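> sequence? don't have it. structure:
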């Protein structure tokens, strides 16, 4: 990359920290590692900058055809975080964005294999890179001397299997608290969700989440559709929870101990920028 300041547009449906979840958390950590010689301009559908020299495309399901046509007229890197199913919107860009990019990044071996086989995508160049985690923040969490119960946390969506988690909690006869940034108000107000063992808790602010998660003994994770990565499983492991998985995750597809994968996530932001600078 040239020594002069270069403006790179981060293209994402939502602004940083606008919504809890692994994708936005990863993007925020990338922003914190912005290298010298680079100016990052965040681009959302309502605030799109056409003056960027190049782009990094994350979740781009809410942008107009005109905006995305401008993106692909410039050098850009595509970073997928999910499967982009038809009902997610703007699916005609699902193949074109990764296939026409200088580099297509996937968050796990499972993500790359499943995405490219599902849609027949052929990319010029690909890189599998786990999303970053703030290991210093995880290690700083004060864990309680005693933990109890189980926890489920994800988008309140059939693909994430909240009903499957509730069924499993009932079979195990373990009380499970359920957290979600998108839990409907009527569910959050309910005494229990699905079964008497499942207790909806609504949403916890990002800055309080790790401390909340650390209070539990067990994480129950039951994706009905495979997780491209599965942030919550690795975070729970790092905080000392027992992890019960009933569904495929990208985390497992690395086929390495969780502790080793955590180390990989700790250096992921640096390697992300190395890859971006090499092609843009």
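On my side now, so go ahead. Because the structure is a prediction, the values reported are computed rather than measured.

> May I ask which helix or strand of the protein has the lowest mean pLDDT?
For the chain, using mean pLDDT, DSSP states H and E, the weakest element among its helices and strands is helix 22-32, scoring a mean of 89.

> List the buried residues in it.
22, 23, 24, 25, 26, 27, 29, 30 (16 or more other Cβ atoms under 10 Å). All C-beta spots, glycine's among them, are computed from the backbone N, C-alpha and C.

> would you turn these into JSON lines with distance to residue 104?
Output for those, formatted as JSON lines (distance: Cβ to Cβ, whole Å):
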{"residue": "22", "distance to residue 104": "19"}
{"residue": "23", "distance to residue 104": "16"}
{"residue": "24", "distance to residue 104": "20"}
{"residue": "25", "distance to residue 104": "21"}
{"residue": "26", "distance to residue 104": "16"}
{"residue": "27", "distance to residue 104": "17"}
{"residue": "29", "distance to residue 104": "20"}
{"residue": "30", "distance to residue 104": "16"}
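
> closest to residue 5 among those residues?
residue 30 (18.0 Å; Cβ to Cβ).

> can you pull the contacts of that closest one?
10, 132, 269, 272, 273 (Cβ atoms under 8 Å, 6 or more residues apart in numbering).

> what do you get for residue 212?
Taking Cβ under 8 Å, 6+ apart, we find residue 212 in contact with 179, 204.

> any idea which helix or strand carries it?
Here residue 212 sits within helix 206-213, counting by DSSP states H and E.

> for residue 40, same thing?
Applying DSSP H and E, one finds residue 40 within strand 38-43.

> between that strand and helix 22-32, how big is the angle?
Relative orientation of strand 38-43 and helix 22-32, computed by axes from the mean of the first three to the mean of the last three Cα atoms, to 10 degrees: 150 degrees.

> Past strand 38-43, which element shows up next along the chain?
Past strand 38-43, the next helix or strand by DSSP H and E is strand 54-57.

> what does that next one rub up against?
Here strand 54-57 makes contact (Cβ under 8 Å, 6+ apart) with 6, 8-11, 43, 71, 74-79, 97, 101, 276, 280.

> Give me the buried subset of those.
Buried subset of those (neighbour count, 16+ other Cβ under 10 Å): 6, 8-11, 43, 71, 76-79, 97, 101, 276, 280.

> Does residue 89 touch residue 63 like I think?
No. Between residue 89 and residue 63 there is no contact under Cβ atoms under 8 Å: 9.6 Å.

> So for residue 195, what's the nearest residue that isn't a sequence neighbour?
residue 170 (4.4 Å; Cβ to Cβ, 6 or more residues apart in numbering).

> Run a quick neighbour tally on that neighbour.
Using other Cβ atoms under 10 Å, the number of residues around residue 170 comes to 15.

> give the contact list for residue 252.
By Cβ under 8 Å, 6+ apart, the contact list for residue 252 reads 110, 230, 245.

> count of residues packed around the first one?
What that stands for is residue 110. 22.
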